[in-house]
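[1] Predicted structure and sequence below. I'll ask about it afterward.
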Amino acid sequence: MLRKIVAIILAVSLSACDPEIDANVLYLGDSLMVSAAGRIASINTANSRSALTMFEVLGGTAIEHSDYFAARLANVQSRVELDEVFISLGSNVYDKTKDPSQGIAEILNAISPNTRVCWIVPHSNVRNIRDSETYDATLEALKTASESGEWPNLTLLSLDEYAESNAISLVDSWLAPDGVHLSEAGISAWTTMLYAYQAE
């Protein structure tokens, strides 16, 4: 009896999933992306837009690891054509002597210009918890890259702006106790924000 119930639940769940693939999407980044990976995969499978979802994520990584990510991007794109790449890097900084704009450029140049790129900027509380100087430099470098015209396929997404548009306190409602990582509600909001961009 239990097996029948499980089978029925599985059948109902799968009936809402589209087996067709209409996009190849890569998610690349640090522990924020790691924490959201399960929910991202579920959303991409269960919603009307059925994407082949790939992850290149590793906790603790930073923009200064751009050579690694550029190489991985090259390897992925040698095997599959990417429609979209979502990037979450910038919350971790280890070498303050490095210019973040160089790492950002190396990563963006490794992605096909025909691929939509969405870079989720570090949320503002990272500045309060970690180093404000490097946070400001990272944010400025990302804005400069977005406005330069060199990467017209690049869009920046901000969890701060998304929280403000929903009249939500980012720190009180969407962040974990450490003030950097996302709470369960934050993961839900973060992935909803990404999916809304994908659906555009």
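    Cool, the structure landed.

[2] As a check, name the ranges of all helices in this protein.
    In the chain, the helices defined using DSSP state H lie at 2-15, 31-46, 66-77, 100-109, 125-129, 132-147, 159-165, 184-198.

[3] Residue 57 is nearest to which of those?
    helix 31-46 (4.6 Å; CB to CB). Every C-beta, even on glycine, is put in place using the N, C-alpha and C of the backbone.

[4] so what does the closest one touch, helix or strand wise?
    Where contact means 3 or more CB pairs under 8 Å, 6 or more residues apart in numbering; DSSP states H and E, helix 31-46 is packed against strand 23-29, strand 51-57, strand 84-88, helix 184-198.

[5] between that helix and strand 51-57, how many degrees?
    For helix 31-46 against strand 51-57, the angle by axes from the mean of the first three to the mean of the last three CA atoms, to 10 degrees is 170 degrees.

[6] ok, what's across the strand from residue 117?
    Taking DSSP bridges as the rule, residue 117 bridges to residue 85, residue 154.

[7] wait, which of the helices and strands packed on helix 31-46 is closest to residue 178?
    helix 184-198 (11.7 Å).

[8] Now do the closest one: which elements does it pack against?
    helix 31-46, strand 116-120, strand 154-157, helix 159-165.

[9] what does it rub up against?
    23, 25, 32, 35-36, 39-40, 43-44, 47, 49, 51, 84, 86, 118, 120, 155, 157, 159, 162-163, 166, 168, 173-176, 182 (CB atoms under 8 Å, 6 or more residues apart in numbering).

[10] can you do 6 Å?
    35-36, 39-40, 43, 118, 162, 173-175, 182 (CB atoms under 6 Å, 6 or more residues apart in numbering).

[11] where does the chain dip in pLDDT?
    Along the chain, the model assigns pLDDT under 70 to residues 1-19, 46-49, 94, 199-200.
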